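**Student:** fold the following, please.
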Amino acid sequence: GGALIDQQTGGPQKRALAEETELRMIIREELKQVLWEAWPEKTGPVKTYPKSELTLNAKNQVYHLGLSPKHISEKIILVGDQDRVNLVSSLFDSIEHQSQHREFVCHTGMYNGKKITALSTGIGTDNIDITINELDALVNIDLIKRIDLPKKTTLNLVRIGTCGLLQPEIPVHAYVLSKA
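**Tutor:** Modelled structure (predicted):
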């Protein structure tokens with residue numbers, strides 16, 4: 001019985017070789033995933049951003065925010081109403097940068113020895129989308145060459161503001177903290 005099965009399947013050596021080949025394929029796939037996550041700039045093509053995807057002003061600043069990378073911190077407090085930027089930055093020890101373009105007001109300074117930015121987004125999810133995308137571009141794209149920077153930067157964003165809330169268990173004027 002066993003000899004017949006071995007002749008039909010090629011024997012234990014052929015089975016062992018097939019298992020090793022399958023294992024090698026699994027390991028290769030795992031390595032691709034690990035390498036892609038650890039060093040994406042070495043495993044994929046360099047992305048180039050055309051003018052239609054990365055709009056800059058005459059000063060090579062992101063268009064809507066009117067900012068350059070040097071104008072922001074990696075720690076950013078986002079507020080909807082532009083008047084709240086003054087309220088937030090009044091708590092800073094010093095202010096190094098102030099600018100406004102449309103509804104986007106930006107103050108960057110020092111708080112307890114750390115660089116921090118307060119930035120208004122204006123009203124609505126569309127404006128927040130523009131703000132987040134342009135902030136990401138400031139820290140992760142070479143604005144002159146229009147290519148991804150080799151090292152990715154993660155910004156720490158905190159949104160302070162008001163919102164409409166229709167939850168019966170949450171009273172009016174309650175403070176709500178959500179984390180992603």
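
**Student:** what stretches of the protein score poorly on pLDDT?
**Tutor:** Segments of the chain classed as low confidence (criterion: pLDDT under 70) are 1-12, 16, 20, 23-45, 180.

**Student:** ok, which stretches of it are strands?
**Tutor:** 75-79, 94-101, 104-111, 114-120, 141-142, 147-148, 156-160 (DSSP state E).

**Student:** need these in JSON lines (columns: mean neighbour count).
**Tutor:** In short, each C-beta sits where N, CA and C put it, glycine included. Listed next are the strands of the chain as JSON lines, based on neighbours: other C-beta atoms under 10 Å:
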{"stretch": "strand 75-79", "mean neighbour count": "20"}
{"stretch": "strand 94-101", "mean neighbour count": "14"}
{"stretch": "strand 104-111", "mean neighbour count": "20"}
{"stretch": "strand 114-120", "mean neighbour count": "22"}
{"stretch": "strand 141-142", "mean neighbour count": "16"}
{"stretch": "strand 147-148", "mean neighbour count": "16"}
{"stretch": "strand 156-160", "mean neighbour count": "13"}
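
**Student:** to I130, which of those strands lies closest?
**Tutor:** Ranking the strands of the chain by proximity to I130 (C-beta to C-beta) places strand 104-111 first, at 8.6 Å.

**Student:** what lies in contact with the closest one?
**Tutor:** The set of residues that contact strand 104-111 without belonging to it, under C-beta atoms under 8 Å, 6 or more residues apart in numbering, is 64-67, 71-73, 82, 85-86, 88-89, 91-100, 115-122, 131.
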